[in-house]
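K.L.:
structure for this input, please:
(chains A and B)
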Amino acid sequence: MSDAARLPVSDAANADTRARARAVRGFLRARRTRFRPTAYQVYATVVVGGIAGALAGNAVSQAIGGSLTAHKLLVFGPVVLFGVLLAALRFGTWQGPVGFSSADVGFLLSAPIAIAAFVRPKLDQSLLLGAAVGAAVAGVAILLLAGGSGSIDAGRAVGAVAGVTAFAVLAVAASWLVESSRRASGLVRRTSPAVLVIGGALLAISATSSGRSVGVWSGPWGWAIAPLAGTSSLPVALALIIVAAAATTTIAVRRAGAGGAEVFLARAEIRSGLRASAFSLDYRGAALTYRSALPAGIGLRVRVPRPRAPRFAVLWRDAVGLLREPSRLAWATLFAAAATVEALTHPGRAIPAGIAAAAVYFAAGFLCEPLRLDVDRPDTGALLLSWPFARLLLAHCALPTLALFTVTATAVVATVVAGAAGAGALALIPTVLAPTVAVAVLCAALSARRGGRVDEKLLGRLLSLDPNNPGGAAVLVLWLIPWLLATTVVVGGAVLVIGSAVAHHRAVVPAALTALALAGGACAVLIRVARGSERPDR
Amino acid sequence: MQGAASLAVHGLSRRYGRFEALRDLELEVAPGECVAIVGHNGSGKTTAVRTIAGLLEPSAGRVEVAGAEVHTEPSGIEARALMAVVPDNPSLYPDLTVHEHLELVALAHGVAGDDLDARIDALLLRLGLGDKRDARPGELSRGMRQKLQIGCALIRPHSLLVLDEPVVGLDPGSQQTLRELLVEAKRAGVAVMLTTHQLEFGRGVADRAVVLADGVVVADGPYDEVVDGGMIDGLDSP
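P.N.:
You can find the predicted model right below:
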């Protein structure tokens, strides 16, 4: 010990740190246990990937109404890429393209070596991976385009690959810029809902416009699509996306030393928390870990007057919770409004109806967070409010139902005013809307009741089955998402029934009555199930 | 470096959102001195150690190791060369053996020499890990992992040793060994800063005690006087 302490530290400090970083990385690489998949694992991955790919391709094909064309690329492409960029920025707020393990932070980042020497190789790898994924996506799009609308010339194909690849590199670089800056992380988190609304508006505008060009004002998401869609602004757009990607990458590389140990340690802890939750199939635990990772959002310090009647206690508590964390309301509004517009603008189509129903369920999930908190700590909840759990659960549904009804009704009016749906849609507000929204909220509340952890007996039974038995996995999936499925069937069914009548010019009143009966009946059943709920024992 | 304190902390504060975990900490540790930071759970000890070690960014203030600022580059590189840290929660590589962990530290800190293997083995023997040379972390108990972290801190050059709850998980014999190692370090001119709940461990090792409560220093003085003076009621002995 004393020998080590007496070593001339200046020697260590003056050594070639880059060479030492390389040596350390080589040392770790040589001793890392490599993952070698068995032939069966490769086979199973290919089969499952093929089936999932075919299903996804079919869903995309239905969503865009047939094969890929240049016009559809101009309508959907920029919005999809806009969403990809936003997702990359959001990813940077809690993980990002550069990650270290807790051990890396303790052993490598505390060594007298510039942090950039360890960050740079990981950043380079992520940029390369992004470029490869971008090129692959562009390649698939070119094949789909050539299959759907005839040939595509070589120059345009090269431009398309370059454009989407440059966009992918830009997304990775931007994600690192967010990861390495606490201020940027906070900004991205706070502005995400508003940015998504703008993206939705852009989609609505581009879907209704007859233009086939992407202007230079359209941003990187438009520039990247221009070569693929073969617009007249191709050369300018291609140059702009390449310059934007190069500039962002240069800044990102220069900031390679910006992420401190704290950034990486927090992300490593989140990753290990998520991994632990995944292994125990505890998706509530995973959600809490994810939420703890995000920088603090805006919390309103507004006081809500305390109600005199005890029966309003939960309503008051939920309102206070929503004001303290208004981002939940923002996300719920976004999901519910998008679902309404999707359902009204694609009447009579099963997949849009299902997507809309799922979106309303997720919107309700955001608003049911106080119930989840009560379930997380049932003892605390029981101490604070000695109501039977069933009453507590139903009381927690009041504010979400009211909020979602207001949002969806407003979205119906806005869609009608914008001319995207007929005036007859307004009749939905006093009739079918309330029970369908209530179904989604009740399903979300009944899901929240379980706490998000797979029942131990069920898990034991599943694990005792043959691991290659796909039946076990199917049971598990059904256990995990029964309430999402129930919402999709009931709400999606109601939307589909009315939408089919509208799309095929059949009488709407009988369809509306059928939808009303479906949603109302489901509501009654769900309330009965909720009344039988007992406080979870966790 | 001559004349400068090994560790100098000036106005160090750290916030988590609206919560201020550490407020305006002033602290100096001279070469050959050992300072123990004591306090109840949530008093800010671990935040203080993590911020001093560079694992957390300060909200305000600065930390210098022999005049080199910890939280800025490139002076942070120099500070990291001088400061060895033993964290409260050992994070080890599951793929590496005990011996390889020490090799890695030596490599990362530029420690070389033909006798490196022999020095590693001697240190492992001293720490009671001689028979665990080729074991991986999964085969080690909590206490053994803690001893390995201590070994990783000691094998590399340092003039400041920072230990966060170093005795957690250690049996009495290992605690005694650690005490002897720290006394030897002090004799060699190394400054030592540690946090502990176990006040008895500090006797004979720590020269000063700094008591933290709600992130603020409420007492600072000779270890025995502070501990015996009832300024830290409720903290226990092992």
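K.L.:
nearest residue to the middle of chain B?
P.N.:
Note on chain B: the residue nearest the mean C-alpha position is B:L163, at 1.7 Å, using CA atoms, centre = their mean.
K.L.:
actually chain A, not the one I typed
P.N.:
Centroid-nearest residue in chain A, with CA atoms, centre = their mean: A:A87, separated by 7.4 Å.
K.L.:
point out where the chain drops to low pLDDT.
P.N.:
Defaulting to chain A. Applying pLDDT under 70 to chain A flags residues A:1-16, A:59-68, A:148-151, A:202-217, A:232, A:293-300, A:380-384, A:451-474, A:476, A:536-538.
K.L.:
nope, chain B please
P.N.:
Per-residue confidence of chain B (counting by pLDDT under 70) places the weak regions at B:1-4, B:233-238.
K.L.:
rewinding a little: could you look up the SS state of the residue nearest to the centre of chain A?
P.N.:
Of the three states, A:A87 takes helix according to DSSP: H, G, I helix; E, B strand; the rest coil.
K.L.:
what sits against the residue nearest to the centre of chain B?
P.N.:
For B:L163, the contact set (CB atoms under 8 Å, 6 or more residues apart in numbering or on different chains) comprises B:85-86, B:150, B:153, B:192-195. All C-beta atoms are positioned from the backbone trio N, CA, C, and that covers glycine.
K.L.:
thinking again about what came up before, can you tell me how far the residue nearest to the centre of chain A is from A:L442?
P.N.:
Distance, A:A87 to A:L442, by CB to CB, to the nearest Å: 30 Å.
K.L.:
could you tell me how far the residue nearest to the centre of chain B is located from chain A?
P.N.:
B:L163 sits 13 Å away from chain A, going by CB to the nearest CB, to the nearest Å.
K.L.:
Provide the secondary structure category for that residue.
P.N.:
Local secondary structure at B:L163 is given as strand here, using three-state DSSP.
K.L.:
what do you get for B:P157?
P.N.:
Here B:P157 is recorded as coil under three-state DSSP.
K.L.:
so it sits right up against B:M83, yeah?
P.N.:
No - here B:P157 does not reach B:M83: they are 10.3 Å apart, not a contact under CB atoms under 8 Å.
K.L.:
higher neighbour count, these two?
P.N.:
B:M83 (27 against 23; other CB atoms under 10 Å in any protein chain shown).
K.L.:
would you list every one of the helices in the stretch 1-150 of chain A?
P.N.:
For the stretch 1-150 of chain A, the helices identified by DSSP state H, counting those that start in this stretch occupy A:2-6, A:9-14, A:17-31, A:39-63, A:70-94, A:102-107, A:115-149, in order along the chain.
K.L.:
out of those helices, nearest to B:A48?
P.N.:
When those are ranked by distance to B:A48, counting by CB to CB, first place goes to helix A:102-107 at 17.9 Å.
K.L.:
what's in contact with the closest one?
P.N.:
The set of residues that contact helix A:102-107 without belonging to it, under CB under 8 Å, 6+ apart, is A:118, A:261, A:264-265, A:268-269, A:272, B:55, B:85, B:87, B:91-93, B:101, B:104-105, B:108, B:152.
K.L.:
near A:I527, how many other residues are there?
P.N.:
The tally of other residues near A:I527 (other CB under 10 Å) stands at 15.
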